[in-house]
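K.L.:
Got a sequence here, can you model it:
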Amino acid sequence: MEDIKLIINDTDQVSEKEITRIYKIHKYWSRKPWKPISDSIKKYSEEKDLVVDLFLGSGVTCLESITLNRNFVGYDINPMAIFIANNTVNNHFKDQIFLRELETIKNKLSDFFYKLYSVNELCENCGKKLVSNHLNIGPKFNGKEEGVFFCQGCGKSKSKRLIKKEELAKVNKKYPINKWIPDREFPKKFYKDRFSYKGVKKVSDFYTLRNLYALSELLNVIKESNFVYQDLFLLAFSNTVLHSSKLKSENVRPLNVNNYWIPDDYMEENVWIRFLDRVDLVYQSKMALKNRFKDMSRVGDYKLLTESSFKTKFKDGEVDYIITDPPYGDTIQYFELSFIWNAWMNFNFQNNEEIIINPVQNKGKKEYLDLLENSIREAARILKNNGRFTLCFHNKEFKIWEGVLNIFKKYNFILEDIEIVDTLGNSYNNNWSKFSPKSDIYLTFVKSKYPKKGHNKNISLNQLIKSALSQSPNKNVSEIYDTLAKELIWEIYYNESEIDVSKLTIKKLGEIITEINNGN
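P.N.:
You can find the predicted model right below:
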């Protein structure tokens, strides 16, 4: 587990799988698959063009742009997003220096962590004490807490058994926590609050005392060491803090339910083992990026800004192409879901301009669309005439779709193309709810001085639904919704005959389909 191994093949051409590995450097929500992003950039811009992303996220648009020799500027008000993106894109990586610095961390902390997590049980093969990999200690176990133990020396012994009293006592004993920890309190109002009723008021409450102690010592060593790759080790650390919290159990990964929910069967995971695993992800990502860039003679410049996109410093018509993926409404609460990361990294997320639907921020659908309009208005100003704007978007309520489209119409954008794109991976939300979108829809607009004339054709919602059904036989309701959305977008954008979509959601579509199939 402690050895970092080079797994990238030295080939002349980097495979799609290796490129995908680059983006596994750190968890982030709603990360777009790189291939359709790359294809869009190639289709709608030229080498040396200026490409802008108004909602950067984890940096996929940035890396794909500079790889294609475009210059790039990205905006995001979440400092954690900018931190992840900068560390994903930065290609100044010397693996031998990174590995030497990792050895420094190991030399300083290996014994400390071994003593912290070891138990009085010996490895049958080498005679060393076993260490806990993780302990299942949530209230569900109620006196029957169990753990998984293994030999960190030879790796040949592994067992799962009930926890002894002295092992359980080590979890929350009084440790000398004298290094910095994030005692940042959660806002009194949290939209996705599934933790305060369990007594959690601040970030440190999410951890056992042993893991809080372990994290504080690890963070201190990383920050106090004068490393060339300090930020990469901090990235691995931030990708550790959720796994080593009470948000995880053997059956639940942290934030798979898109909020801070502590399961009743939560575990305490070994911080050191998880950290080394995250370091391995960082290493693999940087080596894959190094391999991807090795034969490139031309790579674009980039700048990533922790700023709102409401008012940029570009001149009118300076930008060649815009591609962006704004929040979809209330689906992903970026401020809330990034709260623990930002606390551990000591970043401040100013969320007053966060484009979101969030009742506790007093942001409903109207406020969401008003805020989004600020960015689209700015995009209309900075984009050159006849320049393209690709919007990656989806929402389970078509009323939101209608509002977004009306903003683009207001600023004389011409809708040119629509593509349905599979999302990367399967989030818990997508698997859990049949009423959640399973794909993204990429809309490409052209900036124009004049609006494009529409048509006037009477067509009902039911007619469009029947058309979508005929195109999507044997598909589930979410897939039918995607087909319907594609047709509805064109009609709403160009048909002057009004179609009532005020109550159309994925769930409502399912009910309408049932009625149609029953002949009603």
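K.L.:
so who does Asp320 touch?
P.N.:
45-46, 49-51, 384, 387 (C-beta atoms under 8 Å, 6 or more residues apart in numbering). Placement of C-beta: from N, CA and C, glycine included.
K.L.:
can you rerun that using 6 Å?
P.N.:
Going by C-beta atoms under 6 Å, 6 or more residues apart in numbering, Asp320 touches 45, 49-50, 387.
K.L.:
from the residues you listed, which is closest to Gly147?
P.N.:
Checking the contacts of Asp320 against Gly147 with C-beta to C-beta, the nearest one is Ser45 at 53.6 Å.
K.L.:
bridging residues for the residue nearest to that closest one when sequence neighbours are not counted?
P.N.:
Nearest in space to Ser45, with sequence neighbours left out and distances taken as C-beta to C-beta, 6 or more residues apart in numbering, is Tyr321 at 4.0 Å. For Tyr321, the beta-bridge partners are Val51, Arg388 (DSSP bridges).
K.L.:
returning to what we had before: could I get the contacts of Asp320 in CSV, plus columns for distance to Asn476, pLDDT and neighbour count?
P.N.:
As requested, those are exported to CSV (distance: C-beta to C-beta, whole Å; pLDDT from 0 to 100; neighbours: other C-beta atoms under 10 Å):
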residue, distance to Asn476, pLDDT, neighbour count
Ser45, 35, 98, 22
Asp49, 39, 98, 20
Leu50, 41, 98, 21
Gly387, 37, 97, 22
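K.L.:
Make JSON lines from those and add distance to Asn90 to it.
P.N.:
Formatted as JSON lines, these follow (distance: C-beta to C-beta, whole Å):
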{"residue": "Ser45", "distance to Asn90": "22"}
{"residue": "Asp49", "distance to Asn90": "22"}
{"residue": "Leu50", "distance to Asn90": "20"}
{"residue": "Gly387", "distance to Asn90": "28"}
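K.L.:
which helices and strands does the helix or strand Trp272 falls within pack with?
P.N.:
Assessed by DSSP states H and E, Trp272 sits inside helix 271-293. On a contact count with 3 or more C-beta pairs under 6 Å, 6 or more residues apart in numbering; DSSP states H and E, helix 271-293 meets helix 16-22, helix 209-224, helix 230-238.
K.L.:
quick one: strands adjacent to the helix or strand that comes right after that helix?
P.N.:
Next along the chain after helix 271-293, taking DSSP H and E as the criterion, comes strand 302-305. According to DSSP bridges, strand 302-305 forms sheet pairs with strand 71-75 (parallel).
K.L.:
Name the residues of stretch 253-261 that are buried.
P.N.:
Residues 254-261 are the ones in stretch 253-261 that count as buried (16 or more other C-beta atoms under 10 Å).
K.L.:
start to end distance for that stretch?
P.N.:
By C-alpha to C-alpha, to the nearest Å, the extent of stretch 253-261 from end to end equals 10 Å.
K.L.:
residue ranges of the strands in the stretch 101-250 of the chain, please?
P.N.:
Applying DSSP state E, counting those that start in this stretch to the stretch 101-250 of the chain gives strands spanning 118-122, 129-136, 146-150, 158-162.
K.L.:
and the angle for the first one with strand 158-162?
P.N.:
Strand 118-122 and strand 158-162 are oriented at 110 degrees to each other (axes from the mean of the first three to the mean of the last three C-alpha atoms, to 10 degrees).
K.L.:
Next one: the nearest residue to Lys198 once chain neighbours are set aside relative to Ser470, how far apart?
P.N.:
Nearest residue to Lys198 in three dimensions, chain neighbours excluded: Ile262, at 5.7 Å (C-beta to C-beta, 6+ apart). Remark: distance between Ile262 and Ser470 (C-beta to C-beta, to the nearest Å) = 47 Å.
K.L.:
residue contacts, Asp264?
P.N.:
Contacts here follow C-beta under 6 Å, 6+ apart; on that basis Asp264 touches 138-140.
K.L.:
Of those, which is the nearest to His394?
P.N.:
Comparing those against His394 with C-beta to C-beta places Gly138 closest, at 34.6 Å.
K.L.:
Run a quick neighbour tally on the closest one.
P.N.:
The tally of other residues near Gly138 (other C-beta atoms under 10 Å) stands at 17.
K.L.:
which residues sit in contact with it?
P.N.:
264-266 are the contacts of Gly138 under C-beta under 6 Å, 6+ apart.
K.L.:
How about it: what's its closest non-neighbour residue?
P.N.:
Nearest residue to Gly138, sequence neighbours excluded (C-beta to C-beta, 6+ apart): Tyr266, at 4.0 Å.
K.L.:
Now the one you found, what are its backbone angles?
P.N.:
Dihedral pair for Tyr266: phi -60, psi 160, per degrees, to the nearest 10.
K.L.:
Lys453 now?
P.N.:
Per-residue torsions, Lys453: phi -70, psi 140 (degrees, to the nearest 10).
K.L.:
follow-up on the earlier one: so which of the buried residues of stretch 253-261 are in strands?
P.N.:
Secondary structure from DSSP state E places none of the buried residues of stretch 253-261 in strands.
K.L.:
could I get those residues as TSV with distance to Ser38 and pLDDT?
P.N.:
TSV is the format used below for those (distance: C-beta to C-beta, whole Å; pLDDT from 0 to 100):
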residue	distance to Ser38	pLDDT
Pro254	30	91
Leu255	28	86
Asn256	28	81
Val257	31	80
Asn258	27	84
Asn259	32	90
Tyr260	34	94
Trp261	35	94
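K.L.:
any idea which of these is closest to Gly454?
P.N.:
Nearest member of these to Gly454, counting by C-beta to C-beta, is Asn258, at 37.7 Å.
K.L.:
How many neighbouring residues does the closest residue to Leu122 other than its chain neighbours have?
P.N.:
The shortest distance from Leu122 to any residue other than its chain neighbours is 6.2 Å, reached at Lys129 (C-beta to C-beta, 6+ apart). Applying other C-beta under 10 Å, we find 17 other residues in the vicinity of Lys129.
K.L.:
Counting neighbours, go ahead and name the busier of Ile262 and Ser470.
P.N.:
Taking other C-beta under 10 Å, Ile262 and Ser470 do not tie; Ile262 has more neighbours (22 against 9).
K.L.:
Spit out the contact partners of that one.
P.N.:
195, 198, 246 are the contacts of Ile262 under C-beta under 6 Å, 6+ apart.
K.L.:
hang on, the earlier thing: show me which of the buried residues of stretch 253-261 is closest to Asp205.
P.N.:
Tyr260 (10.4 Å).
K.L.:
Does that closest one touch Asp193 like I think?
P.N.:
No: contact criterion C-beta atoms under 6 Å: Tyr260 and Asp193 do not qualify, at 7.9 Å.
K.L.:
Flag the shaky bits of the stretch 401-520 of the chain, pLDDT-wise.
P.N.:
424-438, 520 (pLDDT under 70).
K.L.:
quick one, strands of it?
P.N.:
413-422, 439-447.
K.L.:
name the helices or strands packed onto the last one?
P.N.:
I take that to be strand 439-447. Strand 439-447 sits against strand 383-393, strand 413-422, with contacts defined as 3+ C-beta pairs under 6 Å, 6+ apart.
K.L.:
try 7 Å this time
P.N.:
Helices and strands touching strand 439-447, by 3 or more C-beta pairs under 7 Å, 6 or more residues apart in numbering; DSSP states H and E, are helix 34-44, strand 383-393, strand 413-422, helix 477-494.
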